[in-house]
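S.K.: Mind looking at a prediction? Sequence and model below.
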Amino acid sequence: MAQMEGLCRAVSTGLRYGIPVEEFIKQLEGIRCPEPLMWPIEERVLSCLDAVAQVLKEIYIHDR
């Protein structure tokens, strides 16, 4: 939990300082845990970091 909180604070700070959200998505998307949750391909989450990238994409990219 501490690592996720730290990551989320870093992303939040970066966004406030003008780092494009696409850069965070590019860096986090696709990072895998040894045993990712295997749902249908359109819902697949490879790791907590991949989930953060998916949420950023959903909020900032799909809503444009």
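M.R.: Thanks, I have it.

S.K.: nearest spatial neighbour of A51, skipping sequence neighbours?
M.R.: V45 (4.9 Å; CB to CB, 6 or more residues apart in numbering). All C-beta atoms are positioned from the backbone trio N, CA, C, and that covers glycine.

S.K.: burial count for that neighbour?
M.R.: Counted by other CB atoms under 10 Å, the residues lying close to V45 total 16.

S.K.: From A10, how far out is it?
M.R.: 20 Å (CB to CB, to the nearest Å).

S.K.: how about low-confidence regions in this protein?
M.R.: 36-43, 63-64 (pLDDT under 70).

S.K.: how about a cut-off of 90?
M.R.: 1, 3-4, 32-48, 60-64 (pLDDT under 90).

S.K.: May I have the longest helix seen in it as CSV, with CA atoms only?
M.R.: The helix that spans the most residues within the chain, counting by DSSP state H, is helix 2-16. Output of helix 2-16 as CSV, limited to C-alpha atoms (Å, rounded to 0.1, in the frame of the first residue of the first chain):
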residue,chain,number,x,y,z
ALA,A,2,2.8,2.4,0.8
GLN,A,3,4.3,1.9,-2.7
MET,A,4,1.0,2.6,-4.3
GLU,A,5,0.5,5.7,-2.2
GLY,A,6,3.9,6.9,-3.2
LEU,A,7,3.3,6.3,-6.8
CYS,A,8,0.0,8.1,-6.8
ARG,A,9,1.5,11.1,-5.0
ALA,A,10,4.3,11.2,-7.6
VAL,A,11,1.8,11.0,-10.5
SER,A,12,-0.3,13.7,-8.9
THR,A,13,2.6,16.0,-8.4
GLY,A,14,3.8,15.4,-12.0
LEU,A,15,0.4,16.3,-13.4
ARG,A,16,0.3,19.5,-11.4
